[in-house]
Every structure is written in structure tokens, then in C-alpha cells.
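[1] Take a look and give me a structure for this.
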Amino acid sequence: MNDYVALLRRDPLSAASATVAVIGALTICGFLFFQYVLGYPPCPLCLDQRNAFYVSVPLAALLWLGANYSASSKVMIAGFAVITAIMLWNAGLSAYHAGVEWKFWAGPADCSGPINSLGSASDMLRQLQNIRIVRCDEAAWRFLGISLAGYDVLVSLFLAGIAAWGFKESVARQRRSG
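    Numbers count the residues shown, from 1 in each chain. Next up, the predicted model:
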């Protein structure tokens, strides 16, 4: 822990990008663990929420390299701005998803609405054998009353805050250098 605090003071850009990369990668491992080890298939909204991590983690890893190899301040500023925006967007999407789970509002029709068109009986039986519908309006798992979508709100807001701090430090570094 003392090493991390020293890194925060010595090189905040490296610390911010490393934090986003590592926590984001751990989050990816977490949702893959829930899917493939514990057997909780993701709903369509869950899959959409993953995209923010698939973009932000590699970008943060590149920023981490850039921080260690004197990347341009403009590159660092743009990278942290993109991560901040993506994670804020994802926090909003996750909050929407959590609200759907709590029945505060309706979710997308493809994963939480009624089934309107079943087709013929033989088509329906064939479709039922081949598909598994995962509903967006039912939380598959909760801990302390919070669903995975709720925890995604918290993680996304935390990573957006870290990226915003990296953005602020990048701007400050650019001002100091010229």
C-alpha cells in the first residue's frame, strides 16, 4: 500500500491509468467468472455494459505505457477524457439496468417485455429447444441487496473518477511544461 501511495505522489498519470487498467481487468474477470464458472448467463443489457470495459481497459493499459514512456500531454488528456466519458455513460446504463431490475421503469422489449409473436406451434417448439431467454428485469444475483448492475454503477463511477483525476493531472502537467 505504501508503494501505491508513493506512486500516486510521484507519478499520478501512471497511478491513474494503472488503477483503471487493473480494476477494469478484474471487473472483466469477475463478470466472466459469474458467467462461465457460476453459470449466470448475461442478459442483453449486461452484454452492453461490458463494452465500456472492453474499450477502457486496453486504453488505460496504453495510457499506462504512455505515462512511463513520456507520451504527449495531448494524448494523455484525450485518453483520460475518453475513459471518463465511457465510464460515466456505463454508470448511466448500469443505473438504468438496476432500475429495470427494481421495476422502477420498463426495460427493453427484447429482454423484459411480453412475448408478442410466437408464430406456429411447430416453430415455437423448435425455437424453445434452441434458445434461452435471459431477462433484463430479473436480477440473477444480489449481495447486500445490490445486483451486479448496481455494483457496475459503483465500479464505473469509481473508474470515471480515477480517469477524471488522471485527466486533471494531465492538464496540470501540460500547463506546467509550457
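
[2] Just confirm Glu138 is within a helix.
    No: counting by DSSP: H, G, I helix; E, B strand; the rest coil, one finds Glu138 to be coil, located in no helix.

[3] residues in contact with it?
    Listed by CB atoms under 8 Å, 6 or more residues apart in numbering, the contact partners of Glu138 are Glu101. Just so you know, the C-beta spots here come from the backbone N, C-alpha and C atoms, and that holds for glycine as well.

[4] I'd like the distance between it and Gly145.
    Distance, Glu138 to Gly145, by CB to CB, to the nearest Å: 15 Å.

[5] Quickly note the distance from the residue nearest to Asp152 when sequence neighbours are not counted to Ala16.
    Of all residues not flanking Asp152 in the chain, Ser94 sits nearest, at 3.9 Å (CB to CB, 6 or more residues apart in numbering). From Ser94 across to Ala16, the span is 21 Å (CB to CB).

[6] the more surrounded of the two?
    Neighbour count, other CB atoms under 10 Å: between Ser94 and Ala16, Ala16 has more, with 29 against 26.

[7] pretty sure that one is touching Ile77, no?
    No: under the criterion of CB atoms under 8 Å, Ala16 makes no contact with Ile77, lying 12.0 Å away.

[8] just the strands in the protein please.
    Under the criterion DSSP state E, the chain contains strands at 142-143, 146-147.

[9] In the protein, where is pLDDT below threshold?
    1, 3-8, 110-133, 136, 178 (pLDDT under 70).

[10] please redo it, this time with the cut-off set to 80
    Flagging of the chain using pLDDT under 80 yields the residue ranges 1-10, 105-139, 141-142, 146, 178.

[11] For Asn2, give its distance to Gly166.
    Distance of Asn2 to Gly166, computed by CB to CB: 21 Å.
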